[in-house]
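Novice: I would like to see how this sequence folds:
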Amino acid sequence: MRSHNIIFRTEVIGKASVSTARRASSDAAAIMLEKGGNAVDAGVAAAFVAGVIEPMETTLAGSGFMLIGMPNGKVHSVEFAPRAPYKAHENMFAIDVRRELDRGLGISSVIDNKNVQGPLAAGVPATLRGLIDAQRQFGKLPLTTILAPAISAAADGFNVDSYFALEALDNLAAIRANKGARALFLSDGMPPKAAHLGTTSLGTPLQIKQSVLADTLQCIAEKGVSAFYTGHLGEAFLRTHSELGGLLCREDLAAVETKITSPRRLRFRDVDIWVPQAPCGAVTQLQILNIWQKIYPNNPPTEDTSERLERLAHASWHAFADRYHWLADSEFVQVPEQGLLSDTYAKFLAKYIINNEPPPRCNLSSDTPWNYFAGYAAHNPWVHEGNDLKKHVQWSPVGCDEPTEGTTHVSVIDENGMSVSITHTAANHFGAKVVCEYTGLLFDAAMGWFNARPNAANSIAGGKRPLANMGPMLLTRDGVQFAAIGAPGGRRIINAVVQVALNLVERGMNASEACSAPRIDASGTNILASERLETNLSKMDVLSSDVRFVSEQHQGYSYELARPVLVVLDADRTHAATDPYSQGYSRSLP
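Specialist: Got it, this is the predicted structure:
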């Protein structure tokens, strides 16, 4: 027996609620709700603030997804997905064969890490247009009101905490390499010191002020988002790309458009689950859930027994093996999306799991699943595609890069029952570590989501969308908005959001319980599991050697099991919570 430091964060309850990754973002959302705004106004205001105060996670020159649930039950997907510049091509990065493994990149590393840092790592910036287009169509308040908190956050500065300082230290060489990033994020070339011993009596946090970004946002508030995409702000942004050798051009910015469409839907138990259409975590999330309800068509287990956890891990491994091989931009390659999400395929995989067949794993202990399965298909979902389409596309890349991290999330439900789930990102910590000195905007690192080698489903092509990890989700029950879920956490977002949904739907947990319950992740080589599950997993004989327990003693900023952000609507009251081991913050209106 051993003791565990169990942390529990109480939920907040009110007529409207918001949960975000930082308090300042939740405060901005609350201001919008108090001014008579709806969930979209609140969510967009919070997302803009996050784009200012979380450069280690996201950027307003990045990409993302937004789900909007209307009070009448209709759901919209607002997609400002990542995309490669038109000049990008599959041979643009040289593979560094000298390195077997580089944390965050996977087994095949790019020389000088150019796919995740520096100007060539940047994708086409879509977040500014996506957030503003969504607010214009579905919000109520003036854009000047929506952007005011973000402008203030940029001008007045945000406090440096220990997480920011550690991320700056971890990325020190890359940040130093760019003049704009160095001047903004470092102090005399060194990471700013955090008041890590306490701020109440021992010190005042240092602040990161972004006056140029404040001016950019003020201009957009007054003149509209076209000031960036077809105006002088965009020209300034492109000037930085040109000066540094980046690929982005005027045609890339002019072509940016927000896609507002119907989301994907899965009927799961007594709820409808809604996720985005574009390449992201969506298909994998739905696939895991669909397999799960075929394993347990009735009376699903509600306790964390070794059988439940092992079967959940197996469902995830099957879905991720498919993800690493098949998923990509369907505008460029054939993707068996219908087959992957079909009931017949889910039953096929469920039978494997029920019969205790080994899950798809790497053949070599030194290999990684995103590398191995990029060139090896564990199953053939094409035979479940329908329309007599049996084609089995052959992908034969030499290697693959592991998806990168760096993301934020906002969940809102207002007093009228409108719900919002927004995930947006820089695609890596501090994005590409390049700041445009003319606009104050941080470049993202969207090119790191592509397979850096040719001839894979997710290989690079000009104008192509990479396979992102983001996975916002909405749940409705009987045509009424029920829950807005999301998380930061790289590829671990997918399992975290799935398990929060299971906690709500199958286990009857409230918001705090759903976020705080111990989780597992089976997206990589090993099962990662909360240390609180050590006893529960002791009977997993087949997989016991593959389990690694995540310490929850002093890992408040850990990404290993992601960081859920949640709002639930129960009758006429909203309940909000965030992962207790994070900096997440929830607010409610009484």
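
Novice: tell me how many other residues surround the closest residue to Ser342 other than its chain neighbours.
Specialist: Distance criterion C-beta to C-beta, 6 or more residues apart in numbering; nearest residue to Ser342, sequence neighbours excluded, is His384 at 4.4 Å. No exception for glycine: its C-beta is placed from N, CA and C like everyone else's. Other residues within reach of His384, judged by other C-beta atoms under 10 Å, total 21.

Novice: correct me, but Ala514 touches Asn503?
Specialist: Yes. With contact defined as C-beta atoms under 8 Å, Ala514 counts as touching Asn503 (3.8 Å).

Novice: next, name the residue at the spatial heart of the chain.
Specialist: Residue closest to the average C-alpha location in the chain (C-alpha atoms, centre = their mean): Met470, at 3.0 Å.

Novice: quick one, what contacts that residue?
Specialist: Going by C-beta atoms under 8 Å, 6 or more residues apart in numbering, Met470 touches 64-65, 276, 280-281, 407, 423-425, 493.

Novice: just the ones of those residues in helices?
Specialist: Of the positions in the contacts of Met470, Ile493 sit in helices, assigned by DSSP state H.

Novice: tabulate the contacts of Met470 (TSV), appending neighbour count, distance to Ile260 and pLDDT.
Specialist: Formatted as TSV, the contacts of Met470 follow (neighbours: other C-beta atoms under 10 Å; distance: C-beta to C-beta, whole Å; pLDDT from 0 to 100):
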residue	neighbour count	distance to Ile260	pLDDT
Gly64	29	14	97
Phe65	28	11	98
Pro276	29	11	98
Cys280	29	16	95
Gly281	32	20	96
Thr407	32	22	90
Thr423	31	16	98
His424	30	16	97
Thr425	33	20	96
Ile493	34	23	95
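
Novice: narrow the contacts of Met470 to those in strands?
Specialist: Taking DSSP state E as the definition of strands, the contacts of Met470 contribute 64-65, 407, 423-425.

Novice: excluding sequence neighbours, find me the nearest residue to the residue nearest to the centre of the chain.
Specialist: Nearest non-adjacent residue to Met470, counting by C-beta to C-beta, 6+ apart: Thr423, 4.2 Å away.

Novice: same question for Pro119.
Specialist: Leaving aside its sequence neighbours, Pro119 sits nearest to Gly246 (C-beta to C-beta, 6+ apart; 3.4 Å).

Novice: what separates that neighbour from Ser187, distance-wise?
Specialist: 27 Å (C-beta to C-beta, to the nearest Å).

Novice: kindly report the same for Ala227.
Specialist: Ala227 is 32 Å from Ser187, where distance means C-beta to C-beta.

Novice: now do Ser17
Specialist: 37 Å.

Novice: one more: Ser316?
Specialist: 42 Å.

Novice: looking at Ala227 and Ser187, which one has more neighbours?
Specialist: Set Ala227 next to Ser187 and count neighbours by other C-beta under 10 Å: Ala227 wins out with 17 against 13.

Novice: the more buried one: which element?
Specialist: If you go by DSSP states H and E, Ala227 is part of helix 226-229.

Novice: who's in contact with that helix?
Specialist: 128-129, 216, 219-220, 233-234, 237, 253-254, 256, 439.

Novice: am I right that Ile265 is in a strand?
Specialist: Check again: residue 265 is Arg, not Ile. Yes. Counting by DSSP: H, G, I helix; E, B strand; the rest coil, Arg265 is found in a strand.

Novice: test my guess that it contacts Val271.
Specialist: No. Arg265 is beyond contact range of Val271, at 10.5 Å (criterion: C-beta under 8 Å).

Novice: more neighbours: which of those two?
Specialist: Using other C-beta under 10 Å, the more surrounded residue of Arg265 and Val271 is Val271, with 18 against 15.

Novice: confidence score at that one?
Specialist: On the pLDDT scale, Val271 is placed at 98.

Novice: please apply the same query to Glu560.
Specialist: pLDDT, Glu560: 86.

Novice: residues contacting it?
Specialist: The contact partners of Glu560, by C-beta under 8 Å, 6+ apart, come to 492, 521, 528, 550.

Novice: how many other residues sit next to Ser538?
Specialist: Neighbours around Ser538, by other C-beta under 10 Å: 11.

Novice: with Leu67 instead?
Specialist: Leu67 has 27 nearby residues by other C-beta under 10 Å.

Novice: cool, and Arg308?
Specialist: By other C-beta under 10 Å, the residues close to Arg308 number 18.

Novice: circling back: backbone phi and psi for the residue nearest to the centre of the chain, please?
Specialist: phi -60, psi 140 (degrees, to the nearest 10).

Novice: quick check: it vs Thr240, distance?
Specialist: Taking C-beta to C-beta as the criterion, Met470 is separated from Thr240 by 25 Å.

Novice: ok, back up a step: the contacts of Met470 into CSV, with extra columns for distance to Thr578?
Specialist: Formatted as CSV, those follow (distance: C-beta to C-beta, whole Å):
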residue, distance to Thr578
Gly64, 18
Phe65, 19
Pro276, 21
Cys280, 21
Gly281, 19
Thr407, 14
Thr423, 14
His424, 17
Thr425, 18
Ile493, 14
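
Novice: roughly how far does Asp270 sit from Gln293?
Specialist: According to C-beta to C-beta, Asp270 stands 11 Å off from Gln293.

Novice: buried ones in stretch 284-299, by neighbour count?
Specialist: 284-295 (16 or more other C-beta atoms under 10 Å).

Novice: sorry, slip of the keys, the one I care about is stretch 151-165.
Specialist: Of all the residues in stretch 151-165, those buried under the rule 16+ other C-beta under 10 Å are 151-155, 157-165.
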